[in-house]
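*Asks:* show me how the following folds:
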Amino acid sequence: MARTLDRLCAALRERGGTVHVFTTEDPDATASDTVHRFPSRSFWAYPQLQLAWPKQRDVLEPLRRFSPTLVHSATEFGVGLAGRRAARALGVPFVSSYHTSFTAYAAHYGLGVLARPGWSYLRWFHNAGRRTYCPTQAIVDEVTARGFTHCREWSRGVDGGKFSPRFRSRAFRESIGATEATIVAAYVGRIAPEKSVGVALDAVRHANTARPDAVRLVVVGDGPFETAARNAAPVGTTFTGRLEGKALSEAFASADVLLFPSTTDTFGNVMLEAMASGTPVIGADVAPTREVLLPDRGWVCTAQDAGAFGDRLIALVDDRTALHSMRARALRHASARSWPAVWDTLFADYLSVQRAESGSRAMLANAHAP
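*Replies:* Here you go, the predicted structure:
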């Protein structure tokens, strides 16, 4: 999500807008007058998640000086909560985005008891705004059923200059022990329990039991489950760590298929990045993933069923024609998902929110006029 928000800020500036960002501290970040950072601490259940709880005045005063026309919160906690309060104090339209299934994450981390109060809090937070943006229509439907109001889809795009079949690299494949006859399956993302990485590991093991050494797995990313994943990985698995730039582009394009077993993602940007790279996706059969891959842009398998994922890999080992056909369809779909089109839709909705806010104020003023 961080990359999406970076793109959002860049797109606003490119179109003549100004933006200030309120976020957690980052010792590696360059100082900026438009980025306000606050001391943060790791969330105990997930150390990679940083939470900050700034004093209200430390958010309100910079916002007052900036004089924004809209406040968009990308988190329901800490900084986002302070932004919600500041927007109300300043009389500025407030919108939010729901992009992390916190209650699903709670279940994975043994905090399922928090699911019910979690939904109550999220509903309270998001319904204070004029809009809640969700990455897929499936998530719009889910949260609307939970009592959220004024929800809209804010989809995701993909950078065709960064993710493309032209980055396919024979050298990369050789470095992980793959030949042109090998099916290279990739997992790209955080290596964490809620991402169901174990399903990907077991799927490749299942496939290679039936078709010895036919599939190679490459795991791109890092996270709290990495040590356990390395210990559980099938023979021949390559862990690259976190990749960026050209190295990431090569990893996507050099794979033959992306394994996306997660059941907690509200979108999964890596699916579009893989498709733009000419790499079809095998995903879990859950609503947000189905929306991206179906009817004929990828395959879905029963969630948490490593055998089903493995059987799909076996089918691709035996039928390369199906793989090539799906590659073409996936690439065609991704080529139509440009970021400029995404921003056109989002910014048009921003303007409609601002107009609605202005209209409400005018009506209120007239109602109190003598």
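*Asks:* what residues of stretch 10-27 count as buried?
*Replies:* Neighbour counts over stretch 10-27 (16 or more other C-beta atoms under 10 Å) mark 11-12, 19-20, 22-24 as buried. Placement of C-beta: from N, CA and C, glycine included.
*Asks:* return the member of the residues you listed nearest to G83.
*Replies:* Of all the buried residues of stretch 10-27, G83 sits closest to F22, with 6.1 Å by C-beta to C-beta.
*Asks:* which secondary structure elements does the helix or strand hosting A247 sit against?
*Replies:* Element membership for A247 (DSSP states H and E) is helix 245-254. Here helix 245-254 is seen to pack against helix 170-175, strand 183-188, strand 215-220 when contacts are counted using 3 or more C-beta pairs under 8 Å, 6 or more residues apart in numbering; DSSP states H and E.
*Asks:* now the ones you listed in TSV, with mean neighbour count and distance to R130?
*Replies:* Output for the helices and strands packed on helix 245-254, formatted as TSV (neighbours: other C-beta atoms under 10 Å; distance: least, C-beta to C-beta, whole Å):
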stretch	mean neighbour count	distance to R130
helix 170-175	14	47
strand 183-188	25	35
strand 215-220	24	38
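*Asks:* just to confirm, which helix or strand has the nearest residue to P93 once chain neighbours are set aside in it?
*Replies:* Nearest non-adjacent residue to P93, counting by C-beta to C-beta, 6 or more residues apart in numbering: E357, 4.1 Å away. Assigned by DSSP H and E, E357 belongs to helix 339-367.
*Asks:* next: T132.
*Replies:* Using DSSP H and E, the element containing T132 is strand 131-134.
*Asks:* quick one: mean pLDDT over that strand.
*Replies:* Taken as a whole, strand 131-134 carries a mean pLDDT of 96.
*Asks:* quick one: it to chain centroid distance?
*Replies:* Mean-position distance between strand 131-134 and its chain equals 15 Å (C-alpha atoms, centre = their mean, to the nearest Å).
*Asks:* check stretch 157-171 too.
*Replies:* Distance, centroid of stretch 157-171 to centroid of chain: 19 Å (C-alpha atoms, centre = their mean).
*Asks:* for that stretch, which residues meet the burial criterion?
*Replies:* Buried positions in stretch 157-171, judged by neighbour count with 16+ other C-beta under 10 Å: 157-158, 163-164, 167-169.
*Asks:* wasn't F22 part of a strand?
*Replies:* Yes - assessed with DSSP: H, G, I helix; E, B strand; the rest coil, F22 lies in a strand.
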